[in-house]
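> sequence? don't have it. structure:
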């Protein structure tokens, strides 16, 4: 068994062990989840030491026939596109498990069992190099999230979990149609991603457009892109805070990552849809920012901000040049780090004050110096301040978008301005305004919360000052993918 299979299996095995543990063993369930998520994180991040950034192809690849009768292989590997997503997934899972132990804890071992199974399914999406295997993990990821929201969510959890499931399942059906069309169009009937990417030369442009459209609708639901975003705000507001951290930090990236893979498979079809991707990206950026500005509920605000920030990914992909694609990939990673930190910090406030309404949280941070520092840096990173993680990714998207679409990309500036406005409003309410009624209930970050937040905080700063460390990781894979120079 290779290292990638071990990383993939660790959370799944942990989830099954937790499920088999005695029903009263909550502490044992927490310990298993914490150790398994830590081990998966350390193993995945250790890959950086031997990952060759000068190569564009797969590394640490493993392949064995799974269903040879229909050409399905258990084929996994990482390249510059998938490795950053694997690193992000294992890091945020460990942080979210830490967030689940303490004031934001769940009261059942089943929670941690589903949480570990979710990590394994998401890792499978990023590691799969076979479209059938990709689809299996894509669908499996729906099930844990459905139960995590539906059982441990807030008052409207049933509606939220059903909305999430039905939206994503409907999109997946179309994605399956596109996948089957590509499979049947190859002489040897294979689902292998690399072979399908090589076979597109024999496909007509119209066929490629149909395949891309089917894949895009399924993946745009997950991104999510306007107008397929309706499930996201409700799911975020109703989900437990650690689940929101994973939902926005990792699961949204599954759709964007899938689009990168589809670009490689049907580049001519993708090129025909680039103007639509660009327009949808602009609309998502501006619409998400204005909707976030309107929210009084902090979780709802962060949810709409995710729609806005993921719009940058669509704009970067729509450029289809190395600069824009590099910015899109970096935006996926940095947004995952920043939004996970924001959700956790919102959860800390709610734990102490029992409110998420910005209008009720006046001056809550004035007596919490550690919380003030961490929240301030996170808000500035969300704004895209130079020197922090969000700046370089958004700048690359803007440059790549300008090279491809000219001054139309200036519309993005409106979204950036509104994002700065609502981030500064939160800062003003929390740390500048005089202390309100709920301020006395607020407590500073404890040791466990600081341990969970420090890796995210460090990445915001390190990637802001040294963005090349992440850009170099994916540069070879992206340069091979880009069709515009």
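Perfect, thanks for sending it. A quick note: this is a predicted structure, and the numbers were derived from the prediction, not measured. Numbering: from 1, shown residues only.

> list the contacts for the nearest residue to residue 101 once chain neighbours are set aside?
With C-beta to C-beta, 6 or more residues apart in numbering as the criterion, residue 101 has its nearest non-adjacent residue at 5.1 Å, and that residue is residue 30. In short, each C-beta sits where N, CA and C put it, glycine included. By C-beta atoms under 8 Å, 6 or more residues apart in numbering, residue 30 lies in contact with 97, 100-101, 105, 112.

> Could you identify the longest strand within the protein?
In the chain, with assignment by DSSP state E, the single longest strand is strand 59-67.

> downstream neighbour of that strand in the secondary structure list?
strand 72-78 (DSSP states H and E).

> Now that next one: buried residues?
Neighbour counts over strand 72-78 (16 or more other C-beta atoms under 10 Å) mark 72-78 as buried.

> Touching it from outside, list them.
4-5, 8, 47, 51, 58-66, 86, 124, 126-130, 132-133, 191-193.

> repeat that for 7 Å
Strand 72-78 has contacts (C-beta atoms under 7 Å, 6 or more residues apart in numbering) with 4-5, 8, 58-66, 86, 127-130, 132-133, 191-192.

> hmm, which of these are the buried ones?
The neighbour count (16+ other C-beta under 10 Å) marks 4, 8, 58-62, 66, 86, 127-130, 132-133, 191-192 as buried among these.

> Next, the angle from the host helix or strand of residue 121 to strand 59-67.
Assigned by DSSP H and E, residue 121 belongs to helix 109-127. In terms of direction (axes from the mean of the first three to the mean of the last three C-alpha atoms, to 10 degrees), helix 109-127 departs from strand 59-67 by 100 degrees.

> Check the offset of the longest strand of the chain from the chain's centre.
25 Å (C-alpha atoms, centre = their mean, to the nearest Å).

> Tell me which strands it pairs with, and in which orientation.
strand 72-78 (antiparallel) (DSSP bridges).

> So for the strand it pairs with, mean pLDDT?
Averaging pLDDT along strand 72-78 gives 90.

> separation between residue 427 and residue 456?
18 Å (C-beta to C-beta, to the nearest Å).

> neighbour-wise, which of the two wins?
Counted by other C-beta atoms under 10 Å, residue 427 and residue 456 do not tie: residue 456 has more neighbours, with 27 against 18.

> Give me the phi and psi angles of the more buried one.
Dihedral pair for residue 456: phi -70, psi -40, per degrees, to the nearest 10.

> Which residue is the nearest non-sequential neighbour of it?
Excluding the flanking residues, the one nearest residue 456 by C-beta to C-beta, 6+ apart is residue 341, at 4.4 Å.

> list the helices and strands the helix or strand that contains that neighbour packs on?
Assessed by DSSP H and E, residue 341 sits inside helix 322-353. Where contact means 3 or more C-beta pairs under 7 Å, 6 or more residues apart in numbering; DSSP states H and E, helix 322-353 is packed against helix 83-100, helix 241-246, helix 252-265, helix 298-319, helix 369-383, helix 389-405, helix 447-465, helix 468-481.

> Quick one, which of those gets closest to residue 184.
Distance to residue 184, taken as C-beta to C-beta, is lowest for helix 252-265 among these, at 14.0 Å.

> Quick one: mean pLDDT for that closest one?
90.

> and the helix or strand hosting residue 12, which residues are buried?
Assessed by DSSP H and E, residue 12 sits inside helix 3-20. Applying a neighbour-count criterion of 16+ other C-beta under 10 Å, the buried positions in helix 3-20 are 4, 7-8, 10-12, 14-15, 17-18.

> Max pairwise distance over those residues: which two?
Among the buried residues of helix 3-20, 4 and 18 lie farthest apart (C-beta to C-beta), at 22.7 Å.

> Contacts only, for residue 208.
Going by C-beta under 7 Å, 6+ apart, residue 208 touches 200, 266, 268-269.

> quick one: which of those is nearest to residue 345?
Closest to residue 345 out of the contacts of residue 208 is residue 266 (40.6 Å), distances taken as C-beta to C-beta.

> The closest residue to that closest one other than its chain neighbours is in what secondary structure piece?
Nearest non-adjacent residue to residue 266, counting by C-beta to C-beta, 6+ apart: residue 208, 3.9 Å away. Here residue 208 is covered by helix 205-222, with elements defined by DSSP H and E.

> Averaged pLDDT, stretch 450-461. What do you get?
Stretch 450-461 shows a mean pLDDT of 93.

> And for it, what's in contact with it?
Stretch 450-461 has contacts (C-beta under 7 Å, 6+ apart) with 91, 95, 98-99, 337-338, 340-341, 344, 370, 374, 377-378, 381, 388-389.

> List only buried entries from these.
With burial judged by 16+ other C-beta under 10 Å, the buried subset of the contacts of stretch 450-461 is 91, 95, 98-99, 337-338, 340-341, 344, 374, 377-378, 381, 388-389.

> can you tell me which two in these are farthest apart?
The most widely separated members of the buried ones among the contacts of stretch 450-461, counting by C-beta to C-beta, are 98 and 388 (22.8 Å).

> so where is the stretch 1-150 of the chain shaky, pLDDT-wise?
For the stretch 1-150 of the chain, the stretches with pLDDT under 70 are 102-107.

> Swap in 90 and give it another go.
For the stretch 1-150 of the chain, the stretches with pLDDT under 90 are 1-2, 19-31, 52-59, 61, 63-73, 80, 99-110, 142, 145-147, 149-150.

> For residue 92, which residues are in contact?
Residues near residue 92 by C-beta under 7 Å, 6+ apart: 245-246, 249-250, 336, 340.

> Ignore what I typed, I meant residue 235.
Per C-beta under 7 Å, 6+ apart, neighbours of residue 235: 149, 160, 163-164, 247.

> need those in TSV with distance to residue 410, can you?
Formatted as TSV, the contacts of residue 235 follow (distance: C-beta to C-beta, whole Å):
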residue	distance to residue 410
149	38
160	36
163	35
164	34
247	31
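
> Which one (most neighbours) among those residues?
Result: residue 149 is most packed of the contacts of residue 235 (other C-beta under 10 Å), 29 neighbours.

> now, among the buried residues of helix 3-20, which is nearest to residue 214?
residue 8 (27.1 Å).

> For the closest one, list the residues it contacts.
Neighbouring residues of residue 8 by C-beta under 7 Å, 6+ apart: 76, 120, 123-124, 127.

> cool, and residue 45?
Contacts of residue 45 (C-beta under 7 Å, 6+ apart): residue 87.

> measure it to residue 2 for me?
Distance, residue 45 to residue 2, using C-beta to C-beta: 17 Å.

> Same check on residue 363?
53 Å.

> Looking at those two, which one has more neighbours?
Per other C-beta under 10 Å, whichever of residue 363 and residue 2 has more neighbours is residue 363, with 19 against 13.

> Now do that one, the pLDDT please.
At residue 363, the pLDDT value in this model is 82.
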